[in-house]
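>>> Based on what follows, work out the 3D shape:
(chains A and B)
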Amino acid sequence: MRARVLIRPKAGILDPQGVAVERALPALGFAGVSGVHVGRLVELDVEDSAQLEPMCEKLLANPLIEDYEVEILDGSG
Amino acid sequence: MKFGVLRFPGSCDEVDALYAARRVGDAELIWHGERDLKGAQAIIVPGGFSYGDYLRAGAIARFSPAMESVIAFAEDGGLVLGICNGFQVLCEAHLLPGALLGNANRRFTFRQVELEVVNADTPFTRACAGGEPLSIPAKHAWGRYYAEDRTLRAMSEAGQVVLRYAGSQNFNGSLDDIAGVCNEAGNVFGLMPHPEHAVDGLTGSTDGLKIFESMRLAIEGVSA
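Numbering: from 1, shown residues only, chains lettered A, B, ... in the order given. Presented below is the predicted three-dimensional model:
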């Protein structure tokens, strides 16, 4: 099955990428933007969805500094 | 004594680390795919961009065969020094507490930094005096040390904060101005600045040599 893992910097930890993007947007004329955070997206095909959680804990995310969310997409891959 | 210096695809400071180690002892490179640490009495995990720093700096290197051996070596009390990317690898391997995040200044920054030796009673700083200033270059984009509050408090009380950025030198936004930390047992040490780039008068400061000299003293059992 196809799975998607969303990884975000933990709330409360300074996210310099988010700050940089937030500051760039007004320069392009996009006003009123705040709370920008930049994370990562990992998409993968897995045979056993039970492996996703340990994969995230061990490699895909660093739980000390990042939150993650696993989403199962449809089975077609 | 003999140092082993790891080399990953993407390492770039392993040759300087080798040179620095050879100022005080023997040293040999160890390729990331090898499990044999070649009789090294101390291991250096060098700077660079191991495995391209894909995913997170150090996240993939930490699972290499050589690192598996280094983890076992550290758990047996062996001395392990991680510099810059090596520090990131040791944090990812849970040999050291905390993590390294993107610099608060959002830039890759290369500059000489002034450090303060907070704990001179470690195998990595015993050639220094407590409070001694060290001038060592730093060059990184992901060097902002982070750990949870309670971890920071416990580390501070246990003497695990070994080096701090002095005065206004903390350009990367590290919590508590932390530049280098050790584990609870004191045999694993990581720092973001590069002592291996400060061992020869030709390039300026030689303060970095004190880290390697400390390790030699610790291994050879000579007091400073």
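
>>> what's near enough to touch the spatially closest residue to B:R107 that is not a sequence neighbour?
In this structure, B:R107 finds its nearest non-sequential neighbour in B:A141, 6.9 Å apart by CB to CB, 6 or more residues apart in numbering or on different chains. Placement of C-beta: from N, CA and C, glycine included. The contact partners of B:A141, by CB atoms under 8 Å, 6 or more residues apart in numbering or on different chains, come to B:102-103, B:107-109.

>>> what do you get for B:A17?
B:A17 sits in contact with B:5, B:27, B:44, B:46-47, B:83, B:196, where contact means CB under 8 Å, 6+ apart.

>>> Put together JSON lines for the residues you listed, with distance to B:T122 on each row.
Listed next are the contacts of B:A17 as JSON lines, based on distance: CB to CB, whole Å:
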{"residue": "B:V5", "distance to B:T122": "20"}
{"residue": "B:A27", "distance to B:T122": "21"}
{"residue": "B:I44", "distance to B:T122": "16"}
{"residue": "B:P46", "distance to B:T122": "20"}
{"residue": "B:G47", "distance to B:T122": "20"}
{"residue": "B:I83", "distance to B:T122": "15"}
{"residue": "B:E196", "distance to B:T122": "18"}
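
>>> Looking at these, which two lie furthest apart in space?
B:A27 and B:G47 (15.5 Å; CB to CB).

>>> who has more neighbours, these two?
B:G47 (26 against 21; other CB atoms under 10 Å in any protein chain shown).

>>> Show me where the chain has its helices.
Since you didn't name a chain, this refers to chain A. Secondary structure of chain A, counting by DSSP state H: helices at A:16-27, A:52-55.

>>> not what I meant, chain B
B:14-22, B:65-75, B:85-92, B:149-157, B:209-220.

>>> Need those helices in TSV (columns: mean pLDDT).
Compiled in TSV, these are given as follows (pLDDT from 0 to 100):
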stretch	mean pLDDT
helix B:14-22	98
helix B:65-75	98
helix B:85-92	98
helix B:149-157	97
helix B:209-220	97
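
>>> Could you dump these into CSV with distance to A:V21 added?
Converted to CSV, the helices of chain B look like this (distance: least, CB to CB, whole Å):
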stretch, distance to A:V21
helix B:14-22, 35
helix B:65-75, 34
helix B:85-92, 24
helix B:149-157, 28
helix B:209-220, 38
